[in-house]
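Visitor: Pasting the sequence and the predicted coordinates here, then a few questions.
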Amino acid sequence: MDLETFSPGSGRLEPRAAFRTDAPSLDLNGTWRFRLSPTANVPEDFAGPDYDDSGWDDLPVPSHWVLHGHGAPAYTNVVYPIPVDPPRVPDENPTGDYRRAFDLPEGWTGGRLRFEGAESFARVWLNGHELGFSTGSRLPVEYDAGPYLRPGRNVLAVRVHQWSAATYLEDQDMWWLPGIFRDVTLTRSAADVFVRASYQDGRGTLSFDGPGTLSVPELGVEGLEPGAEITLDVRPWTAETPHLYDAVVTCPGETVRLRVGFRTISIVDSVLLANGRPLLLKGVNRHEFHPEHGRAVPYETMREDVLLMKRHNVNAVRTSHYPPHPDFLDLCDELGLWVIDECDLETHGFGGFGWRGNPTDDPRYEDALLDRMRRMVERDKNHPSVIMWSLGNEAGVGRNLAVMADWTRERDPSRPLHYEGDWSCAHTDVYSRMYASHAEVEAIGRREEDPLDDPELDARRRQMPFLQCEYAHAMGNGPGGLAEYQELFERYPRLAGGFIWEWIDHGLTHPEHGYAYGGDYGELVHDGNFVIDGLVFPDRTPSPGLIDLKKVFEPVTFEFGDGVVRVVNGHGFTDLSHLRFVATVQVEGETVAEHRLDVPAQGGECKLPGFPDGPGGERWLTVRAELAADEPWAPAGHEVAWGQALLTLHDPAPNDLLTAFTRTATEPAGGEVIDAGVVAGGESRDGGESRDGVGLRYGGGAGARDELIAGDSAFDAVTGRLVRLFGTEVEGPRLDLWRAPTDNDRADGLADKWHRLGLDRLTHRVDEITAGEELVVRTRVAPAATNLGMLATYRWTFDGGLRLVLDIEPEGDWRDPVARIGVTMTLPGAAVDRVTWFGPGPGEAYPDTGMAARVGRWSATVEELQTPYVRPQENGHRADVRWAELGGFRVSGEPTFGLTARRWSAAELAAARHRPDLVAGDRLHLHLDLAHQGIGTATCGPRPLPAYDLLARRTTLRLRFDRA
Ligand code: IPT
C-alpha cells in the first residue's frame, strides 16, 4: 500500500452531517482482536474472514494501542518525531491490525461503516473486500458496506499505520497516540441535512437543505420543504441562554432528529456580534485528553469538561487543534458554550526550516487539506454552538488555505473564518493572534497596530474584530497577568476576548511517575513537560489558574460605595434575574451578619443594610451572586461572582513592655528541661504581674552553648539565630531570596540567573550581635563568587511574644529580579499538622495571580497547602496573611506576610521531576515572606509585567510570634 500518497483516501462516501436518526445502527465498539507490527510490510492475509487470529491480543475500540501495552506514547510539540521528508515516512512504522466479527441482525440490508476517528492511516476490509482507506485522524469517514455485507457472521478488518504522508498534516502539540480512538458503527442512515437558523430583532429565520421535510412542533412548523424559508418568533440561542428546539426531518428511509438553535454571528465595524450584541469570548483551548484513555475520551468526561467550564465562567471553547468527538458539540449546544471548531491541520514542524516544503503551500496536498475542511464543516454544520470555522493551527501560509477558505465561504457563509497562522488575514474574517503582550493587545484594541505592507490587506484587517486564539499559557504555576488581559478585552469593543492555553494537563497515568510527560517513555526526541500546561490537572481537579480564571471571567461585578454596592451586569445576553445576592460581614473571618440583597434585574445601585458594630478586628463585607435555581450545569446556590470591601481596619494596641535578652550557657536542644530560672525582668503578655522573663536550661545533650534568652525563646549567641520558640526547637528564620523555579521562571531566564548568581546557596555571615532590651543581629548575606550581597539586620524584642524587625539593604549592583524576599525557618514536622490563617485564601496567590483569593479565616493541613503541579515547582504561597496559627504558635505580620509551609525544602522541591519525588521529611519548612517575584506566562507569551518584578531594594519585614 502506498502510504506516501498525497490522496486523503479512497472508496469513501461523501461527508455528511452528524445527527441522531431512527435508522438502525450497530455499535461496533468493544473488544477487537489486535496485533502490532513494527513496520508496514505485513501480509494482508489477516483481512480474510477466516484468518486465524487466536494468537492475537484483545484491544478495546475505541482506544490507542500505545496505552494498552503495545508500544509507547511519545510527546513532541513543534518538531516531527520522524525525519521531515514529505511525503516519505520511515520504515519503522508501527502498524496495528484489527479484526472484529459481528452478526448482522435478521433482515438487515445495506448500510455504511462509519469511523469517527482513527490515527492516522486506516485501511478497511469487510469480509475480505477492501473498502478503501482514509486519513484525517480526527475526522469521520464512511464506506458503503452494502455490497459486501452478508447474513449472519461478518468480519471487519482494519489496518492502521502510524505514519503516512498525512502525518505531515498532523503535527499538533500533543502525544502521538495511534489507533482507532473513536466509535465505529454500521449505520443504515444515509441522509444529509443542513439546517440554517438565524436570529435578528426577536425573530428567527429557518430553512434547510436535504431530503424530506422539516418540522419543529414547538414552533408549529410542519412539513417545511427544502429551500423554503420561514420567519417566526423564537427565543435565541446564546451560550448564556442555550434554547434549543427539537426538529424532525422526515427523510426517505429515516427520521432525523436535530436540535435547532437560532443565532446569528456577524461583524459590524470591527466588532464581533452575536444576535446583534457584542460577543466577548471567555474561552479555553480544549484538547481531548484523559490520563488513561488519551484522546478516547469517555462521554461522561466530555460532559465533566463542559460542566467544569460553565461552573468557572468560561463561555467559549476552541477545539484545539482538530474537531472534537461529535458528542462534545452536542454538549456545547445543550449547556451553552461558543465554539471555534478547528480543522485537523497543523504543519508546525516546517517552521524550523523557514516553512520550506510546507504542505499548506504544496499543490500536491491541496486535496487532502480541502478534504479535511469539508469533512469538518459537513459533520458539524448544524451546531448552533459552532460560531466560527478555523482552518487549522500553526500551518504557515500558502495556497491551500485559500482553497479551504473559498470552499467554506461558499458552503456556509453564516460563520466567520478563523486562522491564526497568517497575520495578513488574507483568508479570514477575524484577526487572531496568540500570546500577544498586553501592550500589543491594547494597541490593536485602539486600532493602532503596526500596518501590514499591503495597504489593502491592512485596511481589511483594521475592520476585523480581534481575538487571541491562545493566550495566558497555563503551564505549571500560573498563568500570571489574566486580570490585565481581561481588563483590556472589556475596555475595547474591537477585542472579542480569547482562549486560554489550555484546558488540561496532558499527564498520562504512570506507575512510577504518577503522571508522565515527554521523555518518560524513553522518547529520543521530546518536549518534556511542555504538554503539562492546563487549567486542570490530568484528573480534572481545578488548578489555581482555573480558580483565578473563574474570578476574572465573572459576569457580574460589584463596586462598593458608602453604604451602597453597585452591581454591574456583565452578561452579554441575560439580566440578573437568575441570580440571588447575599451580603455577609465578617470580623477577623467570623461571620457576624448575613443579608439577602434586592438587586434589580438590570443591576444598579443597591443600599446595603446597616451592619451591627461588634468587637475589634478587620471587618470585611462580601457580596456573592449565586444561582437562584438549579441550572442544567450547576445546582442552585452555585456561586457565580463575588466582591469584597474592607469596612474597618484593625488597629492593634501597641505593647512596649519589653523583656531584655540575657546570656545563658545551655546544652543543645533536644534534651529535657531540667531547670527553669528567672533571668531577666519584663512583663509577659498573659502573665501580667511578673516583670521577669524565664531562661530555660536543657539537660542531656553534650557540649553547652551560649544562648540569648528572653521569656521562653532562645537564640544561639554565636549565630544569632532563633533556636527555641516557646519551647519548640526551631532553626531560626534566615533571609531567603530564592524559590524552586516555576516553569515560567525557567522560560523567563530568571531561574538560570538565580542559579548563576547563587540565590540558592546564600551564605550568612554574622557581623555583630548586641543584646539588651533588643537583640540585634547584623549579618551580611551573599552567595560565593559575587560581590553582591544583602545587609540583613534582625532586631528582636520580647514582650511575651517575640517581635522581629528585619531590615534588608542590598549592596552592589543587583539588576535582575530576585525570587522572594523573606525568611525561612524550620521546625519539627510533628509540631504542625494544620495551619489556620486570616487573610486571602483559600488558594495560593502570587503578585500577578490569586485574584480568586478572598479575605477570610481559612484552615488547611500542611498537605492541603501544597498545589500538586505535575512537574513540582514553587507553589502554595498564601499572600497578605494577617496572622497564621501553626501548632503551638501564631505568626502575625505587621501588617501582613506571605506564608508557605512544606514538608520539604525549596531545594528538594526544585530537584523533584514528578509528584512522587516529593517525600515528607521530618522538618516543617516555613517561609515567611515580604514579597515574591511575579509569575507571568513566559513559557509562552509575556514575562511578568514590570510592576510584578521583585527588584532588590531596601526594605523591612516585620513579624511577631506569639503562643497560640
Ligand atoms: C502554540 C500552539 O498553537 C499550541 O498548540 C501550543 O503548542 C502552544 O503554542 C504552547 O503550548 S504555538 C507557539 C509557538 C506560540
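Guide: Looks like it came in fine.

Visitor: Contact residues of the chain facing the ligand?
Guide: 77, 173, 321, 393-394, 434-435, 470, 473, 501, 530, 533, 940 (CB under 6 Å from any ligand atom). C-beta: built from backbone N, CA, C; applies to glycine.

Visitor: if you set the cut-off to 5 Å instead, what comes out?
Guide: Within the chain, the residues that sit near the ligand (CB under 5 Å from any ligand atom) are Asp173, Glu394, Cys940.

Visitor: What are the boundaries of the helices in the stretch 501-650 of the chain?
Guide: In the stretch 501-650 of the chain, the helices defined using DSSP state H, counting those that start in this stretch lie at 544-552.

Visitor: what sits against the closest residue in space to Glu554 that isn't next to it in sequence?
Guide: Take Glu554 and drop its neighbours on the chain: the residue closest to it by CB to CB, 6 or more residues apart in numbering is Ala641, 3.9 Å away. For Ala641, the contacting residues are Asn313, Glu554, Pro555, Val556, Thr557, Phe558, Arg624, Ala625, by CB atoms under 8 Å, 6 or more residues apart in numbering.

Visitor: how's this protein carved up into domains?
Guide: The record's domain parsing of the chain by automatic domain parsing lists 9-187, 194-251, 276-551, 555-648, 672-728, 730-963.

Visitor: can you count the residues close to the residue in the stretch 101-250 of the chain that the ligand sits nearest to?
Guide: Using CB to the nearest ligand atom, Asp173 is the residue of the stretch 101-250 of the chain that sits closest to the ligand, at 3.1 Å. By the criterion of other CB atoms under 10 Å, Asp173 has 22 neighbours.

Visitor: In contact with it: list those residues for me.
Guide: Here Asp173 is in contact with Thr76, Asn77, Val78, His321, Glu346, His348, Asp527, Phe530, Val531 (criterion: CB under 8 Å, 6+ apart).

Visitor: run the last query once more with 7 Å
Guide: Going by CB atoms under 7 Å, 6 or more residues apart in numbering, Asp173 touches Asn77.

Visitor: Could you do Asp27 as well?
Guide: Residues in contact with Asp27 (CB under 7 Å, 6+ apart) are Thr185.

Visitor: if we can go back for a sec, could you list which of the contacts of Ala641 belong to strands?
Guide: Val556, Thr557, Phe558, Arg624, Ala625 (DSSP state E).

Visitor: Contact partners for the first one?
Guide: Going by CB under 7 Å, 6+ apart, Val556 touches Val567, Val568, Asn569, Gly570, Leu576, Leu579, Ala625, Val640, Ala641.

Visitor: now with 8 Å?
Guide: Val567, Val568, Asn569, Gly570, His571, Leu576, Leu579, Gly603, Ala625, Val640, Ala641.

Visitor: Ignoring the adjacent residues along the chain, who's closest to it?
Guide: Excluding its sequence neighbours, the residue lying closest to Val556 (CB to CB, 6+ apart) is Ala641, at 4.0 Å.

Visitor: If the one you found is in a bridge, with which residues?
Guide: Using DSSP bridges, the beta-bridge partners of Ala641 come out as Ala625.

Visitor: Could I get the full set of helices for this protein?
Guide: 299-311, 326-335, 366-380, 399-411, 438-445, 455-462, 482-491, 544-552, 743-747, 750-757, 906-911 (DSSP state H).

Visitor: roughly how far apart are the residue nearest in space to the middle of the chain and Glu626?
Guide: In the chain, the C-alpha closest to the average C-alpha coordinate belongs to Leu535, at a distance of 1.4 Å (CA atoms, centre = their mean). Using CB to CB, to the nearest Å, Leu535 is found at 22 Å from Glu626.

Visitor: Next: Ala747.
Guide: 38 Å.

Visitor: These two: which has the busier surroundings?
Guide: Neighbour comparison, Ala747 and Glu626: the larger count goes to Ala747, with 21 against 18 (by other CB under 10 Å).

Visitor: Would you confirm that that one contacts Ala938?
Guide: Yes. Judged on CB atoms under 8 Å, Ala747 makes contact with Ala938 at a distance of 4.1 Å.

Visitor: What does Glu773 show for phi and psi?
Guide: Main-chain dihedrals, Glu773, degrees, to the nearest 10: phi -70, psi -30.

Visitor: So for it, what's the pLDDT?
Guide: The score at Glu773 is 94. That number is its pLDDT.

Visitor: Quick one: residues contacting it.
Guide: Shown in contact with Glu773 (CB under 8 Å, 6+ apart): Leu658, Thr659, Ala660, Phe661, Thr797.

Visitor: Can you tell me how far it is from the ligand?
Guide: Per CB to the nearest ligand atom, to the nearest Å, Glu773 is found 57 Å from the ligand.

Visitor: Also Glu729?
Guide: Taking CB to the nearest ligand atom, one finds Glu729 at 46 Å from the ligand.

Visitor: pretty sure that residue contacts Gly829?
Guide: No. Judged on CB under 8 Å, Glu729 makes no contact with Gly829 at a distance of 11.7 Å.

Visitor: joint contacts of those two?
Guide: Here Glu729 and Gly829 share no contacting residue, scored by CB under 8 Å, 6+ apart.

Visitor: which regions of the stretch 551-700 of the chain sit below the pLDDT cut-off?
Guide: The stretch 551-700 of the chain contains residues with pLDDT under 70 at 614, 651-656, 666-700.

Visitor: which stretches of the stretch 101-250 of the chain have low pLDDT?
Guide: Within the stretch 101-250 of the chain, no range satisfies pLDDT under 70.

Visitor: Quick check on the contacts of Val556: which are buried?
Guide: Val567, Asn569, Gly570, His571, Leu576, Leu579, Gly603, Ala625, Val640, Ala641 (16 or more other CB atoms under 10 Å).

Visitor: In strands only, show me the residues you listed.
Guide: Val567, Asn569, Leu579, Ala625, Val640, Ala641.

Visitor: Give me the nearest residue to Asp57, chain neighbours excluded.
Guide: Excluding the flanking residues, the one nearest Asp57 by CB to CB, 6+ apart is Phe34, at 5.2 Å.

Visitor: For burial, what's the neighbour tally of the one you found?
Guide: Neighbour tally, Phe34, other CB under 10 Å: 25.

Visitor: per-residue confidence for it?
Guide: So Phe34 comes in at 98 (pLDDT).

Visitor: I'd say it and Gly71 touch.
Guide: No. With contact defined as CB under 8 Å, Phe34 does not reach Gly71; the gap is 11.6 Å.

Visitor: Which neighbours do those two have in common?
Guide: Both Phe34 and Gly71 are in contact with Trp65, where contact means CB under 8 Å, 6+ apart.

Visitor: quick one, phi psi at the residue nearest to the centre of the chain?
Guide: Phi and psi for Leu535, reported as degrees, to the nearest 10, are phi -80, psi -20.

Visitor: now do Glu448
Guide: Per-residue torsions, Glu448: phi -120, psi 30 (degrees, to the nearest 10).

Visitor: what's near enough to touch it?
Guide: For Glu448, the contact set (CB under 8 Å, 6+ apart) is empty.

Visitor: And it, how far from Tyr485?
Guide: Glu448 is 18 Å from Tyr485, by CB to CB.
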